[in-house]
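**Q** model this:
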Amino acid sequence: MRFHHVQLSCPPGGEQAARAFWVDAVGLHEVAKPPGLAARGGAWFRAADPGGTVEVHVGVEERFVPARKAHPALAVDDLEAVALRLAGLGYPVRWDDDLPGFRRFYTADPHGNRVEMVAAG
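**A** Numbers count the residues shown, from 1 in each chain. Purely as a prediction, here's the structure:
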């Protein structure tokens, strides 16, 4: 079993900010949504990696509330480079040493959704 995708939300009109985060800051690529789903708004992002495919779907919620506890955790090879890129673009980077055997930090997308970045360490 493996994940197909993780779903996060954004407020109406938040797609462009989501694109800036997931494409420019994190490094995923936007993929076209199927026509029947595209009318709902939102955006899908994907990156192929050696262990499989990471896919993030961002959906629009009228009564949007950011996910401040629930979150996706993305395993990355160069954690320092990702942290520097995110911080350089103005996204928060909060390091956390509480998970033995791993280095990690938390950030937030432009809508306040929590995102974890992790690497073996």
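
**Q** Determine the longest helix present in the protein.
**A** Assignment by DSSP state H gives helix 79-88 as the longest helix of the chain.

**Q** so is the residue of the chain most remote from its centre in a helix, a strand, or just coil?
**A** In the chain, counting by Cα atoms, centre = their mean, Gly36 sits farthest out from the average C-alpha position, at 23.6 Å. Three-state call for Gly36 (DSSP: H, G, I helix; E, B strand; the rest coil): helix.

**Q** what sits against it?
**A** The contact partners of Gly36, by Cβ atoms under 8 Å, 6 or more residues apart in numbering, come to none. Using the backbone N, CA and C atoms, a C-beta is placed for each residue, glycine as well.

**Q** what's the answer for the one 5 residues further on, then?
**A** Listed by Cβ under 8 Å, 6+ apart, the contact partners of Gly41 are 12, 15, 59-60.

**Q** go again using 10 Å as the cut-off
**A** 10, 12-15, 33, 58-61 (Cβ atoms under 10 Å, 6 or more residues apart in numbering).

**Q** which of those residues are buried?
**A** 10, 14-15, 58-60 (16 or more other Cβ atoms under 10 Å).

**Q** Which helix or strand in the chain has the lowest average pLDDT?
**A** strand 43-49 (a mean of 87; mean pLDDT, DSSP states H and E).

**Q** just checking, next helix/strand downstream of that one?
**A** strand 52-60 (DSSP states H and E).
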